[in-house]
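Q: starting from these lines, generate the structure:
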Amino acid sequence: MPTAIYEPTRIQAAGNKPKLIDEFIGRVNSKDSQLSIAHVRSPEGWEEPGQTPEFDEYTILLKGMIRVTHKDGSIDVRARVKL
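A: All right, here's what the predicted structure looks like:
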């Protein structure tokens, strides 16, 4: 049965600075534990503890740069999406 989601739910973020997470699909807004789709706005210099979520998580970087640190090192990803 299709479900219409008209607005996201604001999620409290972990990290060293305030960050906005508005979840459209996920554990809170749609009760989906396998997927997370959210609009996230992070301030420059924002960091959080490492995670290994039990769901699929994807990031679309619209502007700026994000450093992704993983067990083998880190990569810097710069936005290239043209809207």
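
Q: what sits up against the lowest-mean-pLDDT helix or strand in the chain?
A: Least confident helix or strand of the chain, by mean pLDDT, DSSP states H and E, is strand 56-57 with a mean of 78. Strand 56-57 has contacts (Cβ atoms under 8 Å, 6 or more residues apart in numbering) with 34, 35, 36. No exception for glycine: its C-beta is placed from N, CA and C like everyone else's.

Q: from these, which single one is nearest residue 28?
A: residue 36 (9.5 Å; Cβ to Cβ).

Q: so who does the nearest residue to that closest one once chain neighbours are set aside touch?
A: Spatial nearest neighbour of residue 36, chain neighbours left out: residue 26 (4.1 Å); criterion: Cβ to Cβ, 6 or more residues apart in numbering. Residue 26 is in contact with 11, 32, 35, 36, 37, 38, 55, counting by Cβ under 8 Å, 6+ apart.

Q: spatially nearest residue to residue 29 (excluding sequence neighbours)?
A: residue 9 (4.3 Å).

Q: restricted to buried residues, select the contacts of residue 26 in PyMOL.
A: In PyMOL syntax, the buried subset of the contacts of residue 26 is picked out as below (16 or more other Cβ atoms under 10 Å):
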select buried, resi 11+36+37+38
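
Q: where in the chain is pLDDT low?
A: Across the chain, nothing is flagged by pLDDT under 70.

Q: one more pass at 80, please.
A: 1, 55-59, 81-83 (pLDDT under 80).

Q: got the contact list for residue 9?
A: 22, 23, 28, 29.

Q: can you lay out those as CSV showing secondary structure and neighbour count?
A: Formatted as CSV, those follow (DSSP: H, G, I helix; E, B strand; the rest coil; neighbours: other Cβ atoms under 10 Å):
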residue, secondary structure, neighbour count
22, strand, 14
23, strand, 20
28, coil, 15
29, coil, 19
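
Q: now, among the residues you listed, which is nearest to residue 43?
A: residue 22 (15.4 Å).

Q: hang on, isn't that closest one packed against residue 10?
A: Yes - Residue 22 lies in contact with residue 10 (Cβ atoms under 8 Å); the separation is 5.8 Å.
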